[in-house]
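> The amino acid sequence is not available; the structure is as follows:
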């Protein structure tokens, strides 16, 4: 990857962070884009998890003594703890919509704005 393409990717990320929607359609597109990026991030994390853990298993099997069992805690720690992290990542990406509903953030913002509007001192 060239320096120019890296610079362009970094500039695109900064523009994405500072993006302000100008219409309801833009806002929906922006939210969908953020969700797609989160899902893509999870899938990338899952692929790296699988590839790295396959490599670890291969290395561990090659370094085993004759008659030694593979199923020991020292061979499972990376798989287990990284798996817990991957599970947490997956839950953070997919579960909020299932538990709180698709428009929870929007409803909560409106609720807090109404509460703030009603509590103003005039």
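Good, I have the coordinates. Every value quoted in this text rests on a predicted model; they were computed, and no experiment measured them. Numbers count the residues shown, from 1 in each chain.

> for the helix or strand where residue 33 lies, packing partners?
Counting by DSSP states H and E, the secondary-structure element that holds residue 33 is helix 24-62. Counting contacts by 3 or more Cβ pairs under 8 Å, 6 or more residues apart in numbering; DSSP states H and E, helix 24-62 is packed against helix 73-100. To be clear about C-beta, it is placed using only N, CA and C from the backbone, and glycine gets the same treatment.

> Quick one: work out the angle between the following helix or strand past the helix it packs on and helix 73-100.
Secondary structure here is assigned by DSSP H and E; on that basis, the next helix or strand after helix 73-100 toward the C-terminus is helix 104-118. Angle between the axes of helix 104-118 and helix 73-100 is 60 degrees (criterion: axes from the mean of the first three to the mean of the last three Cα atoms, to 10 degrees).

> Now residue 93. Nearest residue, chain neighbours left out?
residue 42 (4.6 Å; Cβ to Cβ, 6 or more residues apart in numbering).

> cool, and residue 104?
residue 96 (7.2 Å).

> so what's the one you found scoring on pLDDT?
At residue 96, the pLDDT value in this model is 74.

> ok, back up a step: the residue nearest to residue 93: what's it in contact with?
Residue 42 sits next to 89, 90, 93, 94 when contact means Cβ atoms under 8 Å, 6 or more residues apart in numbering.

> how much space between it and residue 76?
Spatial separation of residue 42 from residue 76 under the definition Cβ to Cβ, to the nearest Å is 23 Å.

> Give me the buried stretch members for the helix holding residue 33, please.
Within helix 24-62, the residues scored as buried using 16 or more other Cβ atoms under 10 Å are 42, 45, 49.

> Check these against residue 107 and report the nearest one.
Relative to residue 107, the closest of the buried residues of helix 24-62 is residue 42; by Cβ to Cβ it sits at 24.7 Å.
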